[in-house]
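*Asks:* Structural data only, the sequence is not supplied:
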């Protein structure tokens, strides 16, 4: 697309679902010949592979909320947007939208992508005020979209996340591993997963639990596993950009979140044929893709015993596990990167027709 430049705005890219989506879309557009930049407003990491033609620009490190530092950040962003007058701003962060509006006003097309449960945000009035400046607000589920005031719903739409499949499904006997991937923090409720695994381990003592990701709760969760007598069976693998390859032979994938946008790691696990279990958490992202008993199992939020029973059910029934995995693979076509990238690009055309 001639003269189009897309600037993705995000705090940092140390690894995570939002960062994964940004990297996939940025690479796809770059391959199409579209000029792409990623503006990091609170860091300078890029954990995922990016095409070398993509401009990555950092506006500085985290400010700790200091007003002077934030004012300097906004001035830097204002200068960047002035130097790129024809760019579109695609913010994949609430604060990215706030800073971009303060820096650029209404001089650029602004797309905001809401990445989590809107009801969990600490300052909804501030967020909603700045979202009104957006041309389009992209939500991950209908439930998320309907959480906003009507003035924002009018300009909102629901789009899926792109999924990049890096390996083929495993066709052999599955290894006795339960796996999960995501930030090691409270919203993911790894505590429930570890407690459920302890219960599961009473019936299936030869299984291990592997957690991929990093975060503030790692030491606390290691101590919990030790107290439950399963410390030697729970492994913290850290962040990896090759998670699909590492987990493809696992017996099952578990998402235990209290709330979630749409988990890319869950979608990737389904797409490579791993039987999945997920909490039916707000904002409906899991139930959008996981059809209970058909391509995965859903359990209640906070339902430790229900999660343990679901894990036991899959471990006891290889035919069920194989069927769930086969059905999950069908997401591969629906969530291809090029299809989702087209949907994002088409949003501006839809706006112009309104």
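*Replies:* Received it, and whenever you're ready, just let me know what you need. In this text, all values refer to a predicted model and were calculated from it rather than measured experimentally.
*Asks:* got the phi/psi numbers for residue 301?
*Replies:* Backbone torsions for residue 301, taken as degrees, to the nearest 10, come to phi -60, psi 130.
*Asks:* Can you give me the distance of it to residue 287?
*Replies:* Using Cβ to Cβ, to the nearest Å, we find residue 301 at a distance of 11 Å from residue 287. Every C-beta, even on glycine, is put in place using the N, C-alpha and C of the backbone.
*Asks:* what kind of secondary structure is residue 111 in?
*Replies:* strand (DSSP: H, G, I helix; E, B strand; the rest coil).
*Asks:* what residues are up against it?
*Replies:* Applying Cβ atoms under 8 Å, 6 or more residues apart in numbering to residue 111 gives the contacts 88, 89, 90, 91, 134, 135, 136, 137, 138, 344, 347.
*Asks:* And the fifth one, how close does it get to residue 52?
*Replies:* Just to be clear, that refers to residue 134. When distances are taken as Cβ to Cβ, residue 134 and residue 52 turn out to be 30 Å apart.
*Asks:* Between those two, point out the one with more neighbours.
*Replies:* The residue with more neighbours, out of residue 134 and residue 52 and counting by other Cβ atoms under 10 Å, is residue 134; that gives 22 against 6.
*Asks:* Roughly how far does the more buried one sit from residue 333?
*Replies:* Relative to residue 333, residue 134 is positioned 30 Å away (criterion: Cβ to Cβ).
*Asks:* Name the nearest residue to residue 78, sequence neighbours excluded.
*Replies:* Computed as Cβ to Cβ, 6 or more residues apart in numbering, the closest residue to residue 78 that is not its neighbour in sequence is residue 103, at 4.2 Å.
*Asks:* Residue 96 now?
*Replies:* In space, residue 96 comes closest to residue 9 once its chain neighbours are excluded; the distance is 3.8 Å by Cβ to Cβ, 6+ apart.
*Asks:* where does that neighbour land on pLDDT?
*Replies:* The predicted local confidence for residue 9 comes out at a pLDDT of 98.
*Asks:* Also the one 4 residues further on?
*Replies:* Among the per-residue scores, residue 13 shows a pLDDT of 95.
*Asks:* can you tell me which residues contact the residue nearest to it when sequence neighbours are not counted?
*Replies:* For residue 13, the nearest residue in space outside its immediate sequence neighbours is residue 19; the separation is 4.3 Å by Cβ to Cβ, 6+ apart. Under the criterion of Cβ under 8 Å, 6+ apart, the contact list for residue 19 reads 10, 12, 13, 47, 48.
*Asks:* Done for today, thanks.
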